[in-house]
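Peer 1: mind folding the following:
(chains A and B)
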Number of protein chains: 2
Amino acid sequence: MSKYWSDSIKQLHPYTPGEQVSGRDIIKLNTNESPYPPSPAVAAALENLDAGSLKLYPDPLALDLRSSLADNFNVTPNQVFVGNGSDDVLAMAFMAFFRGKTIQFPELTYSFYPVWCGLFNINYINTPMTTDYGIDTAALALQNGGVIIANPNAPTGKLTPVATIGELAASSSGSVVIVDEAYIDFGGESAVSLIDQHDNILVVQTFSKSRSLAGLRLGYAIGHPDLIEGLVRVKDSFNSYPIDSVALTCGKAAIEDKEYFETTCNKVIASREVLTTGLELLGFDVIPSNANFVFAQHTHKAAAELYQQLKDNNILVRYFNKPKIDNFLRITVGTDTEIGALLNTLKTII
Amino acid sequence: MSKYWSDSIKQLHPYTPGEQVSGRDIIKLNTNESPYPPSPAVAAALENLDAGSLKLYPDPLALDLRSSLADNFNVTPNQVFVGNGSDDVLAMAFMAFFRGKTIQFPELTYSFYPVWCGLFNINYINTPMTTDYGIDTAALALQNGGVIIANPNAPTGKLTPVATIGELAASSSGSVVIVDEAYIDFGGESAVSLIDQHDNILVVQTFSKSRSLAGLRLGYAIGHPDLIEGLVRVKDSFNSYPIDSVALTCGKAAIEDKEYFETTCNKVIASREVLTTGLELLGFDVIPSNANFVFAQHTHKAAAELYQQLKDNNILVRYFNKPKIDNFLRITVGTDTEIGALLNTLKTII
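Peer 2: Below is the predicted model of the structure:
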């Protein structure tokens, strides 16, 4: 605490990301990265990059990348905003659409949402989960100045059907509904299909999961041009060039390699079933997941203990010491080899 | 304007960066980039980069890069903060130290400062310049909740002596003095030497100018560990991983190649003298510059007209259509060849 900090900074509770460890012998299943490298087209783009060109500022409009994304989603570039990771995009969206309002989001969700509310002085209401850890969208639509949901939700992995999101948007007219689709490519249907009907839906996605580019920091939003313009106004009042030239080039290469994208997503989906079945056989209750992770609790072993014992065996998973979820582990879907090692270790422990 | 925008966003006046053009035949002297490529060590680091490693998140603490910067400046890593360009660092600093306060900065300065004030609802007072376009530091120290100056100043290029900054910090005790040193490496003395005596000085620098890495988006702040901790709190409440793995690696390579850095800075300084003399011979008044640009007005040709005529000849310089400076051109120091072409074209025009 310092006398120089502004009052709002003193009261912050910053987000804590999962541990980033180095060392080759760690099996890292704690931050939902892809177990696969990015598309070979990314490696090629990186190889062809002229270091000399880095002396110049990147395109502040990021038009090439936005055009590739627009083609991919069958929208126009003025319906696409790009940022320095989806956290950056979401932070800009909170500033653009939620400041001065009271918003709602589910009690169990991405724990960065209340942090942005704290940073930008936004009031929020948490709605309780349904009995099976689902999102109660009817409750979210009541009395709202804005809504954000993660779909599939984090850390549960549960999917909300896209039709339900359409109903939520319709009953929230007058305020923005952000759909944070960081994990949508692992078995969900995107709400991008709804943006022409609903000018208040903003869909946010990331390159960090299904595109295997967490290290590059790229995220994007898709929605009505007026929402995109609002985001651009914030970006141009914060940092005109948030995305570097390397990320612009490599991101474009990743988006354009649809075949690799589909192959790796399908591999993750198949491995998720192996992981789920394996955990169930070991006595875990696993919430049905549409993400690249599962959220599971054991019938009699405490999650905190399992987390530590796995760590002692060089396997990192995520444990949240928080009410209602402190007996769960969130486990990223790794390669089949990594899943095999995890299940074997758990077998020994349990 | 959209009904979905928050009130504060409706009132924003976003920053307008200089044009980024493509095309090889343009002589680009409008955004103060380096005319030289980054250090060969950057090209080597880029070549050695394993694209596969990009599937993992970068180090959220950026410890390797911060350690290199700390070594370079003879400080400790907890006195160093890094961000996604110095604009990102400055935006975080405005949030951390200036929100809820009334700050002061000179009337002529980097035009992003009032934009951040608008975004974060910070009040500001502009102090008038001295008669020779200098910063009136005595006026800045009066009634302040915070001060920011650019040193050398933009767009004038004028240097404030480091001793004067020490006096400003002493008379501003209780509030933070940010010294934005984007251009300090072209002939100024950094205020980093003052941070041990003055716990309220935050020095901000960038890789975009003297390190030839505008395309990578890297900036940093150096100051008392309490100030750095305030910045980290904001960063971790905004985007835990603002800097991608490529920038972390290449930035470190750039900082560690001191010889190349000194050589290219000295070349720019020498070329600045060529440019200044050349402009003076053509009838320009040139404000003595310690930056990698000069700010000049012609005795009888209007700046707006010169700007357009240069543009018609494929030479881009920066023109600000703003009170008090609307008869100046800001011209980046290019290579000697580029300067020769500029001076020849101006000769023809004038």
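Peer 1: pLDDT weak spots in the stretch 1-150 of chain A?
Peer 2: Counting by pLDDT under 70, the stretch 1-150 of chain A shows low-confidence ranges at A:22-24.
Peer 1: quick one: the helices in it?
Peer 2: Along the stretch 1-150 of chain A, counting by DSSP state H, counting those that start in this stretch, helices occupy A:7-10, A:40-48, A:63-73, A:86-93, A:113-119, A:137-140.
Peer 1: could you dump these to JSON lines with mean neighbour count and distance to residue B:293?
Peer 2: To be clear about C-beta, it is placed using only N, CA and C from the backbone, and glycine gets the same treatment. Putting these into JSON lines (neighbours: other CB atoms under 10 Å in any protein chain shown; distance: least, CB to CB, whole Å) gives the following:
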{"stretch": "helix A:7-10", "mean neighbour count": "16", "distance to residue B:293": "34"}
{"stretch": "helix A:40-48", "mean neighbour count": "17", "distance to residue B:293": "32"}
{"stretch": "helix A:63-73", "mean neighbour count": "18", "distance to residue B:293": "27"}
{"stretch": "helix A:86-93", "mean neighbour count": "26", "distance to residue B:293": "29"}
{"stretch": "helix A:113-119", "mean neighbour count": "21", "distance to residue B:293": "35"}
{"stretch": "helix A:137-140", "mean neighbour count": "18", "distance to residue B:293": "52"}
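Peer 1: so which of those helices gets nearest residue A:332?
Peer 2: Counting by CB to CB, residue A:332 lies closest to helix A:86-93 out of these; the figure is 16.9 Å.
Peer 1: might you report the residue contacts of the residue nearest the centre of chain A?
Peer 2: Among the residues of chain A, the one closest to the centroid is residue A:182, at 3.2 Å (CA atoms, centre = their mean). By CB atoms under 8 Å, 6 or more residues apart in numbering or on different chains, the contact list for residue A:182 reads A:86, A:110, A:150, A:154, A:204, A:205, A:206, A:208, A:209.
Peer 1: out of those residues, who's near chain B?
Peer 2: Subset of the contacts of residue A:182 in contact with chain B: residue A:208, counting by CB under 8 Å from any CB of the partner chain.
Peer 1: any residue of stretch A:184-192 up close to chain B?
Peer 2: No: for stretch A:184-192 and chain B, the contact criterion (CB under 8 Å from any CB) is not met; the two come no nearer than 14.6 Å.
Peer 1: for that stretch, C-alpha coordinates in PDB please.
Peer 2: The C-alpha trace of stretch A:184-192 is given here as PDB (Å, rounded to 0.1, in the frame of the first residue of the first chain):
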ATOM      1  CA  ILE A 184     -16.600 -22.500 -27.800                       C
ATOM      2  CA  ASP A 185     -14.600 -24.400 -30.400                       C
ATOM      3  CA  PHE A 186     -14.500 -27.600 -28.300                       C
ATOM      4  CA  GLY A 187     -18.100 -28.600 -28.900                       C
ATOM      5  CA  GLY A 188     -20.400 -25.500 -28.700                       C
ATOM      6  CA  GLU A 189     -22.300 -23.400 -31.200                       C
ATOM      7  CA  SER A 190     -21.200 -19.800 -31.300                       C
ATOM      8  CA  ALA A 191     -23.500 -16.900 -30.800                       C
ATOM      9  CA  VAL A 192     -21.900 -15.200 -33.800                       C
END
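Peer 1: hmm, who's touching it?
Peer 2: Contacts for stretch A:184-192 (CB under 8 Å, 6+ apart): A:73, A:75, A:151-152, A:159, A:161-162, A:165-166, A:179, A:181, A:201, A:203, A:205, A:209-210, A:222, A:261, A:265, A:268-269, A:272, A:290-292, A:333.
Peer 1: try stretch A:3-12
Peer 2: Applying CB under 8 Å, 6+ apart, the contact partners of stretch A:3-12 are A:1, A:115, A:118-119, A:121, B:95-101, B:174-176, B:199-200, B:226-227, B:230, B:233-234, B:237.
Peer 1: what subset of those residues is buried?
Peer 2: Burial by neighbour count, judged by 16 or more other CB atoms under 10 Å in any protein chain shown, picks out A:115, A:118-119, B:95-99, B:101, B:175-176, B:199-200, B:227, B:230, B:233-234, B:237 from those.
Peer 1: and residue A:249, what does it touch?
Peer 2: Counted by CB under 8 Å, 6+ apart, residue A:249 has contacts A:45, A:46, A:49.
Peer 1: could you redo the last one with a cut-off of 10 Å?
Peer 2: The neighbours of residue A:249, taking CB atoms under 10 Å, 6 or more residues apart in numbering or on different chains as the test, are A:42, A:45, A:46, A:48, A:49, A:53, A:58, A:64, A:65, B:215.
Peer 1: looking at those residues, which is nearest residue B:246?
Peer 2: residue A:46 (8.0 Å).
Peer 1: hang on, isn't that closest one packed against residue A:251?
Peer 2: No: Residue A:46 is beyond contact range of residue A:251, at 11.5 Å (criterion: CB atoms under 10 Å).
Peer 1: what do these two both touch?
Peer 2: A:38, A:216.
Peer 1: what's the closest of the contacts of residue A:249 to residue B:19?
Peer 2: Lowest distance from residue B:19 to the contacts of residue A:249 (CB to CB) belongs to residue A:58, with 13.3 Å.
Peer 1: that closest one contacts residue A:246, doesn't it?
Peer 2: Yes: with contact defined as CB under 10 Å, residue A:58 counts as touching residue A:246 (8.8 Å).
Peer 1: joint contacts of the two?
Peer 2: Listed as contacting both residue A:58 and residue A:246 by CB under 10 Å, 6+ apart are B:215, B:216, B:217.
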